[in-house]
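*Asks:* Show me the folded form of this:
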Amino acid sequence: METGVPGQSSTAAEGLLGTTTAADLKQRSVRGGVAAVLGQGLTFVVQMGATIVLARLLSPEDFGIQGMVFAMTGLLGLFRDAGLGVASVQREVVTHEQTSTLFWINVAVGAVLTMLAAAMAPFLVAFYNEPRLLSVTLVSSLAFLFNSLAVQHRALLYRATRFVAMATIDVLTLGLSAMVGVGMAALGFGYWALIGMAVSGPMITAAAAWIAMPWRPGRPTRTSGVRSMLHFGGALTFNTLVVYLAYNTDKILLGRFWGAEALGLYGRAYQLGNVPVQQLWSSIGNVAFPALSRAQGDPERLHRSFLKVYSVVISATILVTMSCAVFAEEIVHLVLGPKWSGAADVLRLLTPTILAFMLVNPFGWFLLAIGRVGRSVGIALLIAPVVMLGVAAGLRGGPTGVALGFSTAMVLLIVPIIAWAKHGTGMTARDCWNAAKPPLIAGAAAGAAGWLFKLACESALTPMPLLILGGALSLGVYAWILLIVMGQKGLYVDLWSQVLRRQPPRTSEDLGPAGI
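*Replies:* Here you go, the predicted structure:
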């Protein structure tokens, strides 16, 4: 087994191995988590701002045209990094030769995907009977090549725990690409504004990642020892492919049988409910996965760390989910506008799906951190047919029927997924329940308080004050029950103390493999 990087001193090699203390790793993870959450908060504000503006400048049909292309080309997007970015982070140590070889593999994959996406254009035109998809698909295909240029640089930033840099890149990318999209929409480009926004994002990310991580690839070598990483990445990509097919069957079938307008309505509702929690998951997961990977040699610390992360993830997201269920009409009216009123029922029916995601998705980080990607694939193969059947069963009901079928399937899967994920790892059902119970009970109480407030005041208040006052009441109830009644105050006081504590000394790893 390789223990360092050729030509480096032992001290530098130790830095690359991540031989910092558990306390330092905890503090860096907490600080990184705060930076990531703040970054995602800014990203959410920008994204919601862009959504509000674009929803008023564009039509549901414009969003449906984009959705038709992205539901299909997104399938190719699952292969854009071939799982090699995650493989680079999960490994305890990587060499310059390995990273360089992986970089060129990613570029080759990106070029192939660009050509395949372009070749799919005539098929999409025939499948949806929509001639406009030809040029839209050809332009959208360029995103694959730009994405491939940033995979290893982003992975190296994560390995170096440079979460502030990653958050800055994400905010910068979304801000600039949103400017492109809104500007094009204001100039009357219609659905091309959405395509311009989607393609400019990967271009900006690639440029920013190369600036933030000044590592430059060398020549690829056959003897770099990446075979096991390719195997890990291949299994992860297959897992992602299966899950993607399951989670996008709803959009593909709606677009095929109900048309662009129905798909646009459903897609905006899905985005309203899913984007806030996805961004929170992303910010926490980007910090949790490297930290859990470092702890994989210490099962007790690994389990303790994961359960804390699991509780925090649920705590941070459940109030958003409950608010979408209770205040669906008000959220749709304020964010999308009156012409999107049909999205409110879809949003409410999708909230059980988002709740299920919240409960099961963190186990994916855990399984990947301990290298059990095979089990993750097995769970994906369980999810896919159940979700597809649920969506197909609800298709006759249009967007609301599909939302109900999707949610029913996901709720039925919660217990089997968690049971399988934890099996043989040393975690018990009681451990998982004890971590999830406080935020779930607090969230249910907050949702009930918001619902009662809405029933009492809906006729007297307009949507904005109803949402603001009801949300404030729900937040107050949630915080009181979670922190005081359920006794979680100590957990969050400890997390806050890690943020305020003096930053530990930086090791050579903090600089990343640019020093290789």
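*Asks:* Name the residues of stretch 466-481 that come out as buried.
*Replies:* Going by neighbour count (16 or more other CB atoms under 10 Å), the buried part of stretch 466-481 is 466, 467, 470, 471, 473, 474, 477, 478, 479, 481. All C-beta spots, glycine's among them, are computed from the backbone N, C-alpha and C.
*Asks:* and for stretch 354-368, what are the contacting residues?
*Replies:* Contacts of stretch 354-368 with the rest of the structure, by CB atoms under 8 Å, 6 or more residues apart in numbering, involve 86, 90, 236, 273-274, 277, 281, 285, 288-289, 292-293, 306, 309-310, 313-314, 317-318, 321, 324, 373, 375-376, 379, 407, 410-411, 413-414, 417-418, 421-422, 425, 436.
*Asks:* For the buried residues of stretch 466-481, give me a markdown table that also has distance to residue 454 and secondary structure.
*Replies:* Converted to a markdown table, those look like this (distance: CB to CB, whole Å; DSSP: H, G, I helix; E, B strand; the rest coil):
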| residue | distance to residue 454 | secondary structure |
| --- | --- | --- |
| 466 | 7 | helix |
| 467 | 9 | helix |
| 470 | 6 | helix |
| 471 | 11 | helix |
| 473 | 10 | helix |
| 474 | 10 | helix |
| 477 | 14 | helix |
| 478 | 16 | helix |
| 479 | 19 | helix |
| 481 | 19 | helix |
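*Asks:* if we take these, which one ends up nearest to residue 122?
*Replies:* Of all those, residue 122 sits closest to residue 467, with 45.5 Å by CB to CB.
*Asks:* just how off-centre is the host helix or strand of residue 330 within its chain?
*Replies:* Element membership of residue 330, judged by DSSP states H and E, is helix 328-335. Between the centre of helix 328-335 and the centre of its host chain there is 23 Å, according to CA atoms, centre = their mean, to the nearest Å.
*Asks:* and if you look at stretch 405-417?
*Replies:* For stretch 405-417 - counting by CA atoms, centre = their mean - the centre lies 19 Å from the chain centre.
*Asks:* of the contacts of stretch 354-368, buried ones?
*Replies:* Among these, those buried by neighbour count (16+ other CB under 10 Å) are 86, 90, 236, 273-274, 277, 281, 285, 288-289, 292-293, 306, 309-310, 313-314, 317-318, 321, 324, 373, 375-376, 379, 407, 410, 413-414, 417-418, 421-422, 425, 436.
*Asks:* what residues does stretch 48-67 touch?
*Replies:* The contact list for stretch 48-67 (CB under 8 Å, 6+ apart) reads 130, 132-133, 136, 174, 178, 181-182, 185-186, 190-191, 193-195, 197-198, 251, 255, 259-265, 267-268, 271-272, 275, 335-337, 339-340.
*Asks:* Tell me the spacing between residue 371 and residue 298.
*Replies:* As judged by CB to CB, to the nearest Å, residue 371 and residue 298 stand 14 Å apart.
*Asks:* quick one, helices of the stretch 251-400 of the chain?
*Replies:* Assigned by DSSP state H, counting those that start in this stretch, the stretch 251-400 of the chain shows helices spanning 260-294, 299-326, 328-335, 343-360, 362-369, 373-394, 398-422.
*Asks:* what's the angle from the second one to helix 328-335?
*Replies:* Compare the direction of helix 299-326 with that of helix 328-335 by axes from the mean of the first three to the mean of the last three CA atoms, to 10 degrees and you get 80 degrees.
*Asks:* what does the fourth one give?
*Replies:* Between the direction of helix 343-360 and that of helix 328-335, the angle (the same axes, to 10 degrees) works out to 110 degrees.
*Asks:* Any chance of a ChimeraX selection covering the buried ones in the contacts of stretch 48-67?
*Replies:* Buried residues within the contacts of stretch 48-67, by 16+ other CB under 10 Å, are selected in ChimeraX with:
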select :130,132,133,136,174,178,181,182,185,190,191,193,194,195,197,198,251,255,259,260,262,263,264,265,267,268,271,272,275,335,336,340
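*Asks:* helices or strands next to the helix holding residue 330 in the packing?
*Replies:* The helices and strands touching helix 328-335, judged by 3 or more CB pairs under 8 Å, 6 or more residues apart in numbering; DSSP states H and E, are helix 22-57, helix 260-294, helix 343-360, helix 463-480.
*Asks:* Which of those sits closest to residue 162?
*Replies:* It's helix 22-57; of the helices and strands packed on helix 328-335, that one is closest to residue 162 (CB to CB) at 8.4 Å.
*Asks:* Quick check: next helix or strand after the closest one?
*Replies:* On the C-terminal side of helix 22-57, the closest following helix or strand by DSSP H and E is helix 60-77.
*Asks:* any low-confidence regions in the stretch 201-350 of the chain?
*Replies:* 222-234, 283, 286-287, 290-291, 294-297 (pLDDT under 70).
*Asks:* try 90
*Replies:* 201-202, 205-207, 209-325, 331-344 (pLDDT under 90).
*Asks:* same thing with the stretch 351-500 of the chain?
*Replies:* 354-355, 357-358, 361-381, 384, 421-429, 458-464, 483, 486-500.
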